[in-house]
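Enquirer: for reference, the sequence and a predicted model appear below.
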Number of protein chains: 2
Amino acid sequence: MEIFYAYEVEGGIARLDAEESGHCVRVLRHRAGDEISVIDGLGSMYRCRLSDDSPKGASAEVLEAFPRWGSHPYHLTVACCPTKNNERFEWFVEKATEVGVDRIVPVIGERSERKVYKTDRAARIALSATKQSLKAHIPVIDEPLSVRAFIDSTDKPWNDDNGRHARPDRASATLKLIAYCFEDDTHPRISIKDALSCHFDRAERVEKSVIILIGPEGDFSPEEARHALEAGFIPVHLGTSRLRTETAAVTAAEAVYFHFL
Amino acid sequence: MEIFYAYEVEGGIARLDAEESGHCVRVLRHRAGDEISVIDGLGSMYRCRLSDDSPKGASAEVLEAFPRWGSHPYHLTVACCPTKNNERFEWFVEKATEVGVDRIVPVIGERSERKVYKTDRAARIALSATKQSLKAHIPVIDEPLSVRAFIDSTDKPWNDDNGRHARPDRASATLKLIAYCFEDDTHPRISIKDALSCHFDRAERVEKSVIILIGPEGDFSPEEARHALEAGFIPVHLGTSRLRTETAAVTAAEAVYFHFL
């Protein structure tokens, strides 16, 4: 099944950009009148009839809309430090998109070897994997920001007044997890599987929203990890295996996928 | 932590081959008397003292043995059709090794585009990923064989006499799963998560052994799938996402990993 991405769907017309138009018209030789499948990247798929087969700006008339096409029953943000080797991070973007992720945030940690990350390639990979895996929602790839700035951008719904103890009992909040091991054992970790079960099994009506924070090859600094805890993140482990950064990020996405399966 | 692979550990002496010796002595400049960590690839890690620092055939005296080092509490065989793009299959080998797999069988299906597969690169990747993820057991990479031959090589412990119905109630048997959708709906699938729970949750003393069979890009032929069912394989799905072959293989390994977490 061939899927095209429309940058705009309005008034019953789906518009393809130059790249998608070229692929549709030049490469696959679709002509006006052909039926094509179009996603808007926001969650809807449209069965369309190509009305303008211009190879630089094709458009198609919407025949039928399929909202939440290929969707998953949760909202997942994975904030992950880009790996030294770009391909490994891009691989994570592809695989997480296939499995199911809504937002990917490249975060730069104090110990990150890679301090700069350009999102354009990742965005292309996310689009391609979305189409390939028959989904209509393209994960949002944020511009990179520091681990601290990302933590500060999340709210603090589960903390008591002095901000020390995570209290995952306010069920409407997003579950915020950090994969980190405090070496001084002051914050014993639970497995990501148990963290998901504790939070989501007890309340049916909870908002099924998860944020997971994955550190760089050199791990978070203890200060970054403590900052995350103060912001309500729960320290988790991903099991007994020692995983590379990008494998940990995909494994976390798989844990959420299987929890809601 | 730097790990070296010994092709032989006998009489308290661990022997490294030319490649590992060169890495240990030439690259990392270890000298006789240095303490090094050695795995035998069969499940044991040894704390050793380098006794012969020859760069073509180093050996080390065993000081302490750690059996089942970095092991996982199950035995998993993933039989997967090699992808058209070799790198994608090799990526599966690396990631499954990190997460935990015991045996990888490249199987050639009737609809496989890739009919020939050489295992030497995959074996090197498995060794490297084993060391990187601090495990002592290197997954066995079988020589490729046909899907039918692989199915025939598994026993048939759960079939009734006419071989039609899978009966996963003989708890000592290996759980055999095939990721396949019968289009005629004659064999409704359950999720891999439910298949694992049904089989392993009811009996504590069951042998924790799983085989999972993943088809090529063009899927199994209906005849191959029926042959698998006759041999006691249970048809499963990996959830709602449509996954590439190599993503399906890793996702299946993750499902087993999380089940036993």
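Expert: Received it, and whenever you're ready, just let me know what you need. None of the values given here were measured: they were computed from a predicted structure. Residues are numbered from 1 along each chain as shown, chains lettered A, B, ... in the order given.
Enquirer: so is stretch A:209-217 next to chain B?
Expert: No: applying Cβ under 8 Å from any Cβ of the partner chain, one finds that stretch A:209-217 is not in contact with chain B, the shortest distance being 11.2 Å. Quick note: C-beta positions are derived from backbone N, CA and C, even for glycine.
Enquirer: how far does that stretch sit from the chain's center?
Expert: Averaging C-alpha positions (Cα atoms, centre = their mean, to the nearest Å) puts stretch A:209-217 11 Å from its chain's average.
Enquirer: same check, this time on stretch A:75-93
Expert: 10 Å.
Enquirer: any idea how far apart the tips of that stretch sit?
Expert: Stretch A:75-93 has an end-to-end distance of 16 Å (Cα to Cα, to the nearest Å).
Enquirer: buried ones in it, by neighbour count?
Expert: For stretch A:75-93, the neighbour count (16 or more other Cβ atoms under 10 Å in any protein chain shown) marks A:75-83, A:88-93 as buried.
Enquirer: same check on stretch A:177-187?
Expert: Those buried within stretch A:177-187 under the rule 16+ other Cβ under 10 Å are A:177-180, A:187.
Enquirer: dump those to JSON lines, plus secondary structure.
Expert: As requested, the buried residues of stretch A:177-187 are arranged in JSON lines below (DSSP: H, G, I helix; E, B strand; the rest coil):
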{"residue": "A:Leu177", "secondary structure": "strand"}
{"residue": "A:Ile178", "secondary structure": "strand"}
{"residue": "A:Ala179", "secondary structure": "strand"}
{"residue": "A:Tyr180", "secondary structure": "coil"}
{"residue": "A:His187", "secondary structure": "coil"}
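Enquirer: got a markdown table for the residues you listed, with distance to B:Glu64 and pLDDT too?
Expert: Putting the buried residues of stretch A:177-187 into a markdown table (distance: Cβ to Cβ, whole Å; pLDDT from 0 to 100) gives the following:
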| residue | distance to B:Glu64 | pLDDT |
| --- | --- | --- |
| A:Leu177 | 36 | 97 |
| A:Ile178 | 34 | 96 |
| A:Ala179 | 30 | 95 |
| A:Tyr180 | 30 | 89 |
| A:His187 | 31 | 77 |
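Enquirer: now do the strands in the stretch 101-250 of chain A.
Expert: A:103-108, A:140-141, A:145-146, A:175-179, A:190-191, A:209-214, A:234-237 (DSSP state E, counting those that start in this stretch).
Enquirer: deepest in the core, which of those strands is it.
Expert: Mean neighbours per residue, mean count of other Cβ atoms under 10 Å in any protein chain shown, is largest over the strands of the stretch 101-250 of chain A for strand A:175-179, with a mean of 26.
Enquirer: now that strand: how far from the chain's centre is it?
Expert: 14 Å.
Enquirer: who are the contact partners of A:Glu64?
Expert: Contact analysis of A:Glu64 by Cβ atoms under 8 Å, 6 or more residues apart in numbering or on different chains lists A:46-47.
Enquirer: hang on, it in a strand?
Expert: Yes: the assignment for A:Glu64 by three-state DSSP puts it in a strand.
Enquirer: any idea how far A:Ser44 is from it?
Expert: When distance is defined by Cβ to Cβ, to the nearest Å, A:Glu64 is 11 Å away from A:Ser44.
Enquirer: so where is the stretch 101-250 of chain A shaky, pLDDT-wise?
Expert: Across the stretch 101-250 of chain A, the ranges flagged by pLDDT under 70 are A:156-172, A:183-185, A:202-206.
Enquirer: near chain B, which residues of it are found?
Expert: Contacts of the stretch 101-250 of chain A with chain B, taken as Cβ under 8 Å from any Cβ, map to A:132-135, A:191, A:193, A:239-244, A:247, A:250.
Enquirer: if we go to 7 Å?
Expert: A:133-134, A:191, A:193, A:239-244, A:247 (Cβ under 7 Å from any Cβ of the partner chain).
Enquirer: before we move on, back to that, which of the buried residues of stretch A:75-93 fall within helices?
Expert: Taking DSSP state H as the definition of helices, those contribute A:88-93.
Enquirer: which pair in these spans the largest distance?
Expert: For those, the farthest-apart pair by Cβ to Cβ is A:Arg88 and A:Val93; their separation is 10.1 Å.
Enquirer: what's around A:Gly100, how many residues?
Expert: Here the count is done by other Cβ atoms under 10 Å in any protein chain shown, and A:Gly100 has 25 residues near it.
Enquirer: ok, now which ones touch the residue lying closest to it once chain neighbours are set aside?
Expert: Leaving out its chain neighbours, the residue that sits closest to A:Gly100 by Cβ to Cβ, 6 or more residues apart in numbering or on different chains is A:His72, at 3.9 Å. Under the criterion of Cβ atoms under 7 Å, 6 or more residues apart in numbering or on different chains, the contact partners of A:His72 comprise A:100, A:260, B:240.
Enquirer: that's a helix at A:His72, yeah?
Expert: No: the secondary structure assignment for A:His72 gives coil rather than a helix, going by three-state DSSP.
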